[in-house]
Structures are given as structure tokens and as C-alpha cells.
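>>> based on what follows, work out the 3D shape:
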Amino acid sequence: MITARPLVAADLDAVVGLLHAYDRRWFGEPVLSAADVRSEWSSPAFRLAEDSEGWFDDGDEDVDADADGGDEHGDAGTLVAFGTLGTRGEVEVAVDEAWEDAGLQDALLERWEGEARRRGFPAVHRELPADDREGLDRLLRRGWVAERTGWILRLDADDALEPGPLPAGYALREVTEADVPAVHAVVRDAFSQYGPSRRTYEDWRAGLVDRPDVDLRHWRLATHAGEVVGACLVVDPAAPAPGGPEAEGAEGAGEAWVPQVAVADAHRRRGLARALLVSVAAAARERGVPRLGLYTHEGTGALGLYERIGLRVVHTLTTCTLEL
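Numbering: from 1, shown residues only. Model prediction:
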């Protein structure tokens, strides 16, 4: 029988295991890491007890399904599906492949669509591998629309790094703790053109600064006359736990990830984004991390820039939206 309850911290490895199985099916490698999931759960605005639900096979046909099954240690059987509602309306759903025909995906989508409406979210969003036609068709039948295409890009160890000259008056340097509010301001303003953000400074910091796999010395700032006008953030690969879900699939263990790169509007088209990325990639190689990865979507218009730097598309995704 299936029992359902909110996820708890002890469910992390099982959740990552489902995500990795899904990623391997469509991408051939894990995309999200345990550290990524943990950082999302640690956001002050994300409440695991209210924003998540795990469905477990308890292996006992005589046990009555109970929405409050399980306990704080997460021992309610085998996790076969889960869903979460992120602070910005992101819906994450993963189902064990053996249970795909049981209707769990639609049930979880129904659960979080309704919850998002109840909370007054303007829309919910979900990213799918572009090849997951069945998943896309499921969303379209529910009234979602395919909003945009996005890409995961990678710079490999043997790809040349060709920094361009910085214009006069500009400089690059490492980030210090005192710089973090200025970095946030540049990122916030740069990304505001894609719509208002529901993410507070505290949420941003929890997800991108206060992580065990982040070292501010690996980030880069672009400055002009002492003012922060650009920034490139980077997350280093976390060491996989022995026997854990990342140990088996450590394909990304040699890849530093750029979650955000931004340049203030008045200072764009001067080569700063290129300089920031090349500097971050070179520093990563110096500390033994050979590859660099990042995500962009068609709304940014940045794909050509990244390809000119030398990054190549390795995975394509479709972002779907349901207006509420």
C-alpha cells in the first residue's frame, strides 16, 4: 500500500536517488546534487513539512493509507514518488519508473497545483528534459503551456580559455563576505528584467552563499571605479558520501557550476560577462576542477555569448507554466 507524508531531512538520499534515476534516463548523468536539494530545503521560505510530500510503498497490503504515515526518521517504507512546491512556484515531481503507470504524477501535480492556488501564486513552473514527450503531454493535458527552451552548457577541461581585454577602468577580483549584499543587488537588478522575484535576500543567500560547497574566493566581481558592476557565482562539486547516491553517479564531480552570472545594465556589451566566466573557469582548473557548467534559457539571449566563449550545449530543457 501507498502511504503519504511530508518529507523529512532523513529522506534526502531517497529523494536524490529518484532525481538521479530520472536524470540518468533522460540526460545520461545526474544533474542535481544532494547539495542542491539540501540548499533548497534550507531556504527560510521553504517549509519541508508544508511544501513537500513523499509517497512510500510500505510493502503491506493490509495497512491503511495514512497521510500522516511515517515519523521524523523517515521510516515509512520505500520512497516511490515525491513532490515539492518551491518558493517561486517551482513544482518538482519524481516517480520511481516502476510506478509510472499508477497515476502518481497526475496526483502529485493535482496536489501542488491546488496548493499553489490556495496560497495565491500567480503561476507554477516545471522544467522537463526536452525529450520527455510523455511528461510534456501530461502537463499540456492539464492546461500547462510550454513557455521556453533552456540549455545546460559545459566547458570541458581541454577547451581553450580566451579572455578578452577589460576596458579601461574595469577590474576583476575575488569576492569577500562584505561584498555579498552588493553581489545580490547586481544579480537582483539584472534578473528583474525577466519578471519580479519572490525570492528574498535571505532565500538567495541560503541557496547560493551559505552552502558547504561554496567558497566566496572562487566567485568573481567586476568593478568600475570601486563599484560592483558584475558578478559570477560558482558552486564547486561536493565530495560524494561513501555509498550515497552521489558516489554511484559522480559524473558531475569534476564540474564547477555557475548558478548566476550578471552584469549591471549600464556596463553590458563590454566583455565583462566573458571575462568573469573565463576567470572563474581558469580558477576552477587551477584548484583541480576541470569542467564548468551553467544553465541559460532563450529569454536571456545569452546562448550565443556562452557558445563563443567555448561552452557547448549538452542538455536541452523545456520550461512549462500553468497560469493560476
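
>>> for stretch 15-24, output the C-alpha coordinates as CSV.
This file holds the C-alpha atoms of stretch 15-24, laid out as CSV (Å, rounded to 0.1, in the frame of the first residue of the first chain):
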residue,chain,number,x,y,z
VAL,A,15,14.8,11.9,-2.9
VAL,A,16,18.2,12.4,-4.6
GLY,A,17,18.1,8.7,-5.7
LEU,A,18,14.8,9.3,-7.5
LEU,A,19,16.0,12.5,-9.1
HIS,A,20,19.2,10.8,-10.3
ALA,A,21,17.3,7.9,-11.8
TYR,A,22,15.2,10.4,-13.7
ASP,A,23,18.2,12.4,-14.8
ARG,A,24,20.1,9.3,-16.0
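
>>> from residue 296, how far off is residue 269?
Remark: distance between residue 269 and residue 296 (CB to CB, to the nearest Å) = 17 Å. Quick note: C-beta positions are derived from backbone N, CA and C, even for glycine.

>>> look at these two and report which has more neighbours.
With neighbours defined as other CB atoms under 10 Å, residue 269 and residue 296 compare such that residue 296 has more, 19 against 9.

>>> what about residue 204, how many neighbours?
For residue 204, using other CB under 10 Å, the count is 18.

>>> read off the pLDDT value for it.
Note for residue 204: predicted pLDDT of 92.

>>> can you pull the contacts of it?
Residues counted as contacts of residue 204 (CB atoms under 8 Å, 6 or more residues apart in numbering) are 184, 187-188.

>>> show me which of the residues you listed is closest to residue 201.
Lowest distance from residue 201 to the contacts of residue 204 (CB to CB) belongs to residue 184, with 5.7 Å.

>>> so which residues of the stretch 201-324 of the chain form helices?
201-208, 245-248, 272-286, 303-309 (DSSP state H, counting those that start in this stretch).

>>> looking at those helices, which has the lowest confidence?
Minimum mean pLDDT among these: helix 245-248, a mean of 40.

>>> how is this structure divided into domains?
2-121, 157-289 (automatic domain parsing).

>>> distance to residue 321 added to those, as a markdown table?
As requested, those are exported to a markdown table (distance: least, CB to CB, whole Å):
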| stretch | distance to residue 321 |
| --- | --- |
| domain 2-121 | 9 |
| domain 157-289 | 11 |
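
>>> tell me which of those domains approaches residue 140 most closely.
Per CB to CB, nearest to residue 140 of the domains of the chain: domain 2-121, 12.0 Å.

>>> separation between the residue nearest to residue 281 when sequence neighbours are not counted and residue 261?
Once flanking residues are discounted, residue 281 sits nearest to residue 292: 4.5 Å by CB to CB, 6 or more residues apart in numbering. Distance check for residue 292 against residue 261: by CB to CB, it reads 11 Å.

>>> who has more neighbours, the two?
Taking neighbours as other CB under 10 Å, residue 292 and residue 261 compare with residue 292 leading, 27 against 24.
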